[in-house]
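S.K.: Any chance you can model this:
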Amino acid sequence: MPDRSKDRRRALDLLFEADQRRRAGDGVAMIDLLAQRMADPSGLKPMRTYAAEIVEGVAEHLARIDELLESYSHSWTLERMPAVDLALLRIGAWELLYNDDVPDAVAVEQAVDLAAELSTDESPAFVNGLLGQLQRHAPALRDATAAPEVPQ
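M.R.: Numbering: from 1, shown residues only. Sure, this is the predicted structure:
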C-alpha cells in the first residue's frame, strides 16, 4: 500500500496554496490548481493518486465540509483558523465523512500528527477536538438523508 501520509502532506500543500491564493485575491480553484500540478509539477514532487483523490474530494464537498467545520468549531470562523489547520481539517473531514477506505481513528490521528509537525503548539489539540466532534457524529453526518445536525 502506498504511503498515504505523504499523499496527505502533498494534498495539504496544494490545499494550503489554493487557500492562500484565494485570500490574496487570486481566484484559482483547487481543482484548477490540481490540474496544473498534474500537467506540470514544475520541480515539485508529483501528485500521486491518493493526494489527487483527497483534493478532488475536498473540492467536491467543500461547501458541506466548511459548513460542518464552522458549526462544530464553536465560535471559530474559517477565516480565523490558521490556514494549515483549516487545510488539515478539510482533509480529515473528507476522510471521516466521504472515504470509507480510511478508518476514522486514522483520519483523525494523521491530521493531528501533521498539525503537530507543521502548525502552532495549540493546533494538535484544536484539530483533534474538532475532528473528534465530527467523528462522534459521523454516522449521522454520513447519512445523506439525515437532517443537518446541530452541535451540542
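S.K.: what ranges of this structure fall below the confidence cut-off?
M.R.: 1-2, 41, 43-44, 144-152 (pLDDT under 70).
S.K.: Surely residue 51 and residue 7 touch.
M.R.: Yes: assessed by Cβ atoms under 8 Å, residue 51 is found in contact with residue 7 at 4.0 Å. Quick note: C-beta positions are derived from backbone N, CA and C, even for glycine.
S.K.: Neighbour count: the two, which is higher?
M.R.: Per other Cβ atoms under 10 Å, whichever of residue 51 and residue 7 has more neighbours is residue 51, with 25 against 20.
S.K.: Pull the contacting residues for the more buried one.
M.R.: Applying Cβ atoms under 8 Å, 6 or more residues apart in numbering, we find residue 51 in contact with 6, 7, 8, 10, 11, 14.
S.K.: how about the strand or helix carrying residue 22: buried residues?
M.R.: Residue 22 belongs to helix 4-23 when assigned by DSSP states H and E. Neighbour counts using 16 or more other Cβ atoms under 10 Å place 4, 7-19 of helix 4-23 among the buried residues.
S.K.: so what's residue 38 up against?
M.R.: 46, 47, 52.
S.K.: one more time with 6 Å
M.R.: residue 47 (Cβ atoms under 6 Å, 6 or more residues apart in numbering).
S.K.: name the element it belongs to?
M.R.: Going by DSSP H and E, residue 38 is part of helix 30-39.
S.K.: With residue 140 instead?
M.R.: Applying DSSP H and E, one finds residue 140 within helix 123-142.
S.K.: CA atoms of that helix as PDB?
M.R.: In PDB, the C-alpha atoms belonging to helix 123-142 read as follows (Å, rounded to 0.1, in the frame of the first residue of the first chain):
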ATOM      1  CA  SER A 123      -3.100  23.200  16.700                       C
ATOM      2  CA  PRO A 124      -2.900  19.500  17.500                       C
ATOM      3  CA  ALA A 125      -5.500  19.900  20.300                       C
ATOM      4  CA  PHE A 126      -7.700  22.100  18.200                       C
ATOM      5  CA  VAL A 127      -7.600  19.700  15.200                       C
ATOM      6  CA  ASN A 128      -8.100  16.700  17.500                       C
ATOM      7  CA  GLY A 129     -11.100  18.300  19.200                       C
ATOM      8  CA  LEU A 130     -12.800  19.400  16.100                       C
ATOM      9  CA  LEU A 131     -12.300  16.200  14.200                       C
ATOM     10  CA  GLY A 132     -13.200  14.300  17.300                       C
ATOM     11  CA  GLN A 133     -16.600  16.100  17.300                       C
ATOM     12  CA  LEU A 134     -17.100  15.200  13.600                       C
ATOM     13  CA  GLN A 135     -16.000  11.600  14.300                       C
ATOM     14  CA  ARG A 136     -18.600  11.200  17.100                       C
ATOM     15  CA  HIS A 137     -21.400  12.500  14.800                       C
ATOM     16  CA  ALA A 138     -20.000  10.800  11.600                       C
ATOM     17  CA  PRO A 139     -22.700   8.100  11.300                       C
ATOM     18  CA  ALA A 140     -25.500  10.700  11.200                       C
ATOM     19  CA  LEU A 141     -23.400  13.100   9.100                       C
ATOM     20  CA  ARG A 142     -22.700  10.400   6.500                       C
END
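S.K.: Lovely, talk soon.
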